[in-house]
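**Student:** 3D model of this:
(one chain, ligands or ions: 2)
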Amino acid sequence: MIITGCGNYYQTLKQLGSGSFGSVYLVKDLNTQNEYACKIISKQLINMYNANQMIQSEIAIHYSCNHKHIVKLYSYWEDQSNIYILLEYCSKGHLIHPKTQFTEDEVFQIFNQILSGVDYLHKNNIVHRDLKFENILINEDGTLKLCDFGWAIKVQQLPVENVMCGTTEYMPPEVVSKQVLDFKVDTWSLGVILFELLHSSFPFNGKDQQELINNILNNQLIISRRHDISEHLINLIQALLIKNPEFRPGIEQIYLCKWMKQNMKTHNLFNHYENEQLKLKVKQKNITLKAVNDIQYLTPNNKTKISNDGQEGNNSHTTQSQSTNTSPGPKNYIDKFFSFIEQFKNF
Ligand code: ATP
Ligand code: MG
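**Tutor:** Ligands and ions are numbered 1, 2, ... in the order given. Below you'll find the model as predicted:
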């Protein structure tokens, strides 16, 4: 089948998946030979389920996103029968349960990428509301990317009135009981995903929808202990699956938990939230500028010392240009100080 849109011709090569309102196909741009995924949504189904607003919102929110761990939405168009959404193609499909259990390190590497995508969304006031294995895609080089913004909302004012949406196994108590919701909906789903990565099963099950909902609301979380898994990871899962969203960690707290901090260090990854926390601690300790100014540096020819405020020391033979180049100012200094500490700690 040939699809035309925005002046281009695309040939469908195979079906990649299907969803509530249509299917996703691998397509090839006949001009450039580039491959894309094209989500084709039937207008008949949209009208049948009165979902026009939902699809428009999915496209607007997804189109606004630009992040390494979110599937890129390149363009969209419509004809009489369908809406077409042209997406970055993720050739390795969606996340699935592994044949052999993931190690803790593999769990970290997967989770860290998902978290980075969700962090971007939350910073941009977007709640995804349908985080699950099927909506986490893997591209050719193994990078994980979030997709499917069908349930996503842009939150201007929190909390938001709730409808029951998403996929029940991944829904937190406040969603299944149709209470108001906020960003913590996604952090619960992150807890379910972490649990699944470790155990290849859901934390709460039920023989039907109603039993599942009851279990999410009332059952205590049981994590069978794998001997090769650290206490810190178990603590994080337990925290993410706290039933009351008020006590459940948000993204910043996840980045500040011991498991994330330690693993990010091991992988030499910069933890922005930890860095901010350290900076805050120094500011609260009220380190004075005098201490900053007292620090002296050698000039490039190693002959003369210049203080950090750009003033020459007593024994000065330096030129004016050298002294002005060494004046980072107090705020820069604190930033540099901490990036230095981070580098140092990573060794
Ligand atoms: P549902 O209603 O079931 O959540 P949906 O209609 O919203 O589905 P998506 O979740 O966006 O559709 O896509 C359905 C499936 O198609 C995905 O789980 C995935 O397997 C495949 N798919 C979607 N987008 C891509 C892509 N960009 N690259 C590769 N496969 C994709
Ligand atoms: Mg989906």
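
**Student:** By proximity to ligand 1, which residue of the chain wins?
**Tutor:** Gly19 (1.6 Å; Cβ to the nearest ligand atom). No exception for glycine: its C-beta is placed from N, CA and C like everyone else's.

**Student:** Tell me how far that residue lies from Tyr49.
**Tutor:** Counting by Cβ to Cβ, to the nearest Å, the gap from Gly19 to Tyr49 is 12 Å.

**Student:** near ligand 1, which residues of the protein?
**Tutor:** Neighbours of ligand 1 within the chain, by Cβ under 6 Å from any ligand atom: 16-17, 19-21, 24, 37, 39, 71, 87-90, 93-94, 134-135, 137, 147-148, 150.

**Student:** Show the buried residues in the residues you listed.
**Tutor:** Buried members of the residues of the chain next to ligand 1, scored by 16 or more other Cβ atoms under 10 Å, are 16, 21, 24, 37, 39, 71, 87-90, 94, 135, 137, 147-148, 150.

**Student:** So which elements touch the top helix by length along the chain?
**Tutor:** As assigned by DSSP state H, the longest helix anywhere in the chain is helix 104-123. If you count contacts as 3 or more Cβ pairs under 8 Å, 6 or more residues apart in numbering; DSSP states H and E, helix 104-123 packs onto strand 144-146, helix 184-199, helix 251-255, helix 258-266.

**Student:** Now, the residues of the chain next to ligand 1 that are in strands?
**Tutor:** Using DSSP state E, the subset of those located in strands is 16-17, 24, 37, 39, 87-88, 137.

**Student:** So which bits of the longest helix of the chain are buried?
**Tutor:** Buried residues in helix 104-123 (16+ other Cβ under 10 Å): 104, 107-122.

**Student:** My guess is the residue of the chain closest to ligand 1 contacts Cys147. True?
**Tutor:** No: the pair Gly19 / Cys147 is not scored as a contact, 10.4 Å apart, by Cβ atoms under 8 Å.

**Student:** what is in contact with these two at once?
**Tutor:** Contact with both Gly19 and Cys147 is made by no residue, according to Cβ atoms under 8 Å, 6 or more residues apart in numbering.

**Student:** returning to what we had before: need the ones in strands among the residues of the chain next to ligand 1 in TSV with pLDDT and distance to Thr168, can you?
**Tutor:** Putting these into TSV (pLDDT from 0 to 100; distance: Cβ to Cβ, whole Å) gives the following:
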residue	pLDDT	distance to Thr168
Leu16	95	24
Gly17	91	20
Val24	96	22
Ala37	98	26
Lys39	96	23
Leu87	98	26
Glu88	98	29
Leu137	97	22
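
**Student:** Relative to Ser75, which of these is nearest.
**Tutor:** Leu87 (9.5 Å; Cβ to Cβ).

**Student:** Roughly how far does that closest one sit from Leu197?
**Tutor:** As judged by Cβ to Cβ, Leu87 and Leu197 stand 24 Å apart.

**Student:** what's the answer for Asn8, then?
**Tutor:** 38 Å.

**Student:** Compare neighbour counts for the two and give me the winner.
**Tutor:** Legend: neighbour count by other Cβ atoms under 10 Å for Asn8 and Leu197, higher for Leu197 (23 against 17).

**Student:** Below-threshold pLDDT in the stretch 151-300 of the chain: ranges please.
**Tutor:** 157-165, 180, 287-300 (pLDDT under 70).

**Student:** got the buried residues for stretch 175-182?
**Tutor:** For stretch 175-182, a neighbour-count test (16+ other Cβ under 10 Å) marks 175-176, 181-182 as buried.

**Student:** Counting neighbours, what do you get for the residue of the stretch 151-300 of the chain found nearest ligand 2?
**Tutor:** In the stretch 151-300 of the chain, the residue that lies nearest ligand 2 is Thr167 (8.4 Å; Cβ to the ion). Applying other Cβ under 10 Å, we find 16 residues neighbouring Thr167.

**Student:** Would you quantify the distance from the residue nearest to it when sequence neighbours are not counted to Leu95?
**Tutor:** Closest residue in space to Thr167, ignoring its immediate chain neighbours: Lys132 at 5.1 Å, by Cβ to Cβ, 6 or more residues apart in numbering. Relative to Leu95, Lys132 is positioned 9 Å away (Cβ to Cβ).
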